[in-house]
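**Q** I would like the atomic coordinates for the input below:
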Amino acid sequence: MLMGWIRRSKMLCFAFLLPVLATFQEAMSDSHQPLSKVAIHKTIFALDEHAYVKASPVVLGSEGQNTEWVTLEFRNPKPSNDDWIGVFSPANFSASICPAEDRLMTPPFLCSAPIKYQFANYSNHEYKHTGKGVLKLQLINQRSDFSFVLFTGGLNYPKLVAVSNRVTFFNPNAPVYPRLAQGKLWNEMTVTWTSGYGINQAEPFVEWGPKGGVRVRSPAGTLTFDRNSMCGAPARTVGWRDPGYIHTSFLKELWPNRGYEYKLGHRLFNGTIIWSQEYQFKASPYPGQDSLQRVVIFGDMGKAEADGSNEYNDFQHASLNTTKQLVQDLKNIDIVFHIGDLCYANGYISQWDQFTAQVEPIASTVPYMTASGNHERDWPGTGSFYENLDSGGECGVLAETMFYVPAENRAKFWYPTDYGMFRFCIAHTELDWREGTEQYKFIEDCLASVDRQKQPWLIFLAHRVLGYSSAGFYVEEGSFEEPMGREDLQKLWQKYKVDIAIYGHVHNYERTCPIYQNICTSKEKHLYKGSLNGTIHVVAGGAGASLAKFAPVNTTWSIFKDYDYGFVKLTAFDHSNLLFEYKKSSDGNVYDSFKISRDYRHILACTFDSCQSTTLAS
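**A** This next block holds a predicted model:
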């Protein structure tokens, strides 16, 4: 056991492979990810018989809960303000779980980062003097047990002082955190969830049916991946954690707009069935159906910790506020699009479980559609358009597996999806979109194939700003956009009369006039009647991550800017009337809005560069 092993060990051996150190240094490349600041490979064992950490309760979720609070009582006879508590899962985090980087060498004794941490004096202001403290931490069911470790020496030179008792969920393998998504057909809903049951242990399925009606069972497929599926550190080194098994079931031939109930099940080979709690959703409307349809769109939310522990860039309040506002208004939301930078795990795999737990109230009730951002995909030498370290070595594997999207090839992550009167074309900005590429052809096909009589509202979604932004870094480049962004794509937006293009990546809110080739095609700001003659571009990347400053310039095309956290909502009342709203995450109130009112004939009419020139001869 870990405790016996630790007591026999006096000090961590520093003679481990240079490649391990090199990969750890790669893991430190993103200083905004707090887990990367923990120099776990430098840990020294300094066990003190008078120090302790006691965790209670020891069994969590005995009534089926997947989220529980744990109370830690701890003592260090030699306290300091840089003491901290790390949460480790599995509880036994010794060298036995660490693969050596080279078969001739042994790995470091500690090679796994904690899944979260908090400083000992966080809620104990007298800790420096008393050496005693109490912390309350929130845990989620993550398929393994937990232990809590008291360190001194800060994050850079950690000394392990005491290890707690083990804490576990009643059934750590239970099916958890369902994520709905639209299928490739309008009358198909997919359900994806996570469990600890592989296909050699149990058969996964969804039991579902109309509310109050007969239920059926639909089988689920199962995916997983291993450390070797990761492209680099920290995802395949200190950030690695077993992701469990990801299951997806396809619920088919749904009746439009009908309410359905469902629950997740795993049939063990002894006949026992392990059930999740009950959930419900409403089936999508028939494409072109004239009814009230409400869509929420945002990017860059990330995950957060209700207990105030470590967070990417310390933005926990904004992320939690956005989630809270959506949950409170869920009865008025039909579908959600999270357009990239989902949880900022940056190679620390445990964070994906925490993110899916956070969005479960939303994603289990309405389709939660995702796009890929730089923090999901980018990694050198893997074909990403930008060869940076933003994915922390994940190189798209987690985003492509944890959430279903109706793409022909999920590794490419671009796809169309219809919802009633809406057609959405979702691009993948981390792969080449320029004219002549495979993605460019997809974008044109997606825009060209929509029947605007039935689906008048054509929306383009992407992570990076391919249109217009006044963010400081874009202005410094002199482009007001992702370099090489709109040069090729604006001819498609104009030709096919895209109404609104919405982006993330820039962590603020901004709306442009209807625009084409840097020129506003309308002087109106809040009520557009008839043809827009251009596309309205919106940055909605302020759902959680730390805010991005605007440049001190005033462009003619920027109508509304807000240096704050928020999200946007589209409401289609019918084929002729659409309401756009920008809401702040702090209070859910509307701070910017506009309406579009028009008839079908306005979409048919030619505007500049939107119709092929013809002559009588042709």
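**Q** can we go C-alpha only for contacts and neighbour counts from here?
**A** Fine.
**Q** Tally up the residues packed near S593, please.
**A** 18 (other CA atoms under 10 Å).
**Q** gap between it and N554?
**A** Using CA to CA, to the nearest Å, we find S593 at a distance of 20 Å from N554.
**Q** Could you pull up the contacting residues of the closest residue to L254 other than its chain neighbours?
**A** Once flanking residues are discounted, L254 sits nearest to N187: 5.0 Å by CA to CA, 6 or more residues apart in numbering. By CA atoms under 8 Å, 6 or more residues apart in numbering, N187 lies in contact with 252-256, 283-284, 286.
**Q** Surely D226 touches Y245?
**A** No - using CA atoms under 8 Å, D226 is not in contact with Y245, being 10.7 Å away.
**Q** which sections of the stretch 201-350 of the chain are below the confidence cut-off?
**A** 312-316 (pLDDT under 70).
**Q** cutoff 80 now
**A** 311-316 (pLDDT under 80).
**Q** in it, which spans are strands?
**A** 202-210, 216-223, 245-251, 259-268, 273-282, 293-298, 335-339 (DSSP state E, counting those that start in this stretch).
**Q** Now find how far off-centre the shortest one is within its chain.
**A** Using CA atoms, centre = their mean, to the nearest Å, we find the averaged C-alpha position of strand 335-339 to lie 10 Å away from the chain's own average C-alpha position.
**Q** Mind giving me the packing neighbours of that strand?
**A** Contacts defined by 3 or more CA pairs under 8 Å, 6 or more residues apart in numbering; DSSP states H and E place strand 335-339 against strand 293-298, strand 368-371.
**Q** most tightly surrounded among those?
**A** Highest mean neighbour count of these: strand 368-371, a mean of 25 (counted as mean count of other CA atoms under 10 Å).
**Q** immediately after it, which helix or strand?
**A** helix 374-377 (DSSP states H and E).
**Q** Name the surrounding residues that touch the following helix or strand past that next one.
**A** Once helix 374-377 ends, the next helix or strand along the chain (criterion: DSSP H and E) is helix 397-402. Defining contact as CA under 8 Å, 6+ apart, one finds that helix 397-402 is touched by 192-193, 223-224, 229-230, 246, 352, 372, 376-377, 410-411, 413.
**Q** 7 Å - rerun?
**A** With CA atoms under 7 Å, 6 or more residues apart in numbering as the test, helix 397-402 has contacts from 246, 376, 410-411.
**Q** cool, and stretch 513-527?
**A** 532-536, 557-559, 593-596.
**Q** got the CA positions of that stretch in CSV?
**A** What follows is stretch 513-527 as a C-alpha-only set of coordinates in CSV (Å, rounded to 0.1, in the frame of the first residue of the first chain):
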residue,chain,number,x,y,z
CYS,A,513,-22.9,45.9,-38.4
PRO,A,514,-24.0,43.7,-41.4
ILE,A,515,-20.7,43.9,-43.3
TYR,A,516,-19.0,42.9,-46.5
GLN,A,517,-15.4,43.7,-47.4
ASN,A,518,-15.0,46.0,-44.4
ILE,A,519,-18.0,48.1,-45.4
CYS,A,520,-21.2,48.3,-43.4
THR,A,521,-24.1,47.4,-45.7
SER,A,522,-26.7,49.0,-43.3
LYS,A,523,-26.7,52.0,-40.9
GLU,A,524,-29.3,50.4,-38.8
LYS,A,525,-28.2,49.0,-35.4
HIS,A,526,-31.2,47.2,-33.8
LEU,A,527,-33.9,46.5,-36.3
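**Q** D226 and Y245 - which one has more neighbours?
**A** Y245 (22 against 12).
**Q** Look up which residues are beta-bridged to that one.
**A** S195 (DSSP bridges).
**Q** So it is in contact with I199, correct?
**A** No - judged on CA atoms under 7 Å, Y245 makes no contact with I199 at a distance of 8.8 Å.
**Q** For ChimeraX, what selects the buried ones among the contacts of stretch 513-527?
**A** In ChimeraX, this line selects whichever of the contacts of stretch 513-527 come out buried by 16 or more other CA atoms under 10 Å:
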select :532,533,534,535,536,557,558,559,593,595,596
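**Q** Give me the subset of the contacts of stretch 513-527 that lies in strands.
**A** 535-536, 558-559, 593-596 (DSSP state E).
**Q** Quick check: the farthest pair among the residues you listed?
**A** S558 and I596 (17.9 Å; CA to CA).
**Q** rewinding a little: which two of the contacts of stretch 513-527 have the greatest separation?
**A** Among the contacts of stretch 513-527, N533 and S593 lie farthest apart (CA to CA), at 19.1 Å.
**Q** Among the contacts of stretch 513-527, which one lies nearest to T272?
**A** Among the contacts of stretch 513-527, and counting by CA to CA, the member closest to T272 is S593, at 52.9 Å.
**Q** measure the residue nearest to I362 when sequence neighbours are not counted to K584 for me?
**A** Of all residues not flanking I362 in the chain, V327 sits nearest, at 6.2 Å (CA to CA, 6+ apart). In this view, V327 and K584 are 14 Å apart by CA to CA.
**Q** More neighbours: these two, which one.
**A** Neighbour totals were compared for V327 and K584, and K584 leads with 24 against 18 (other CA under 10 Å).
**Q** wait, doesn't the more buried one sit right on D562?
**A** No - look at K584 against D562 with CA under 7 Å: they stay out of range, at 9.4 Å.
**Q** Could you export stretch 394-413 as CSV, CA atoms only?
**A** Extracted in CSV, the C-alpha atoms of stretch 394-413 (Å, rounded to 0.1, in the frame of the first residue of the first chain):
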residue,chain,number,x,y,z
GLU,A,394,-4.3,16.0,-26.2
CYS,A,395,-4.2,16.8,-30.0
GLY,A,396,-8.0,16.5,-30.2
VAL,A,397,-8.5,13.0,-28.8
LEU,A,398,-10.4,14.1,-25.7
ALA,A,399,-12.8,16.5,-27.5
GLU,A,400,-13.4,14.0,-30.3
THR,A,401,-14.2,11.2,-27.8
MET,A,402,-15.9,12.8,-24.9
PHE,A,403,-18.6,14.6,-27.0
TYR,A,404,-20.4,13.3,-30.1
VAL,A,405,-20.8,15.5,-33.1
PRO,A,406,-22.5,14.5,-36.4
ALA,A,407,-19.3,14.9,-38.4
GLU,A,408,-18.4,12.5,-41.2
ASN,A,409,-14.9,12.2,-39.6
ARG,A,410,-14.7,13.4,-36.0
ALA,A,411,-11.0,14.0,-36.3
LYS,A,412,-11.8,16.7,-38.8
PHE,A,413,-14.6,18.1,-36.5
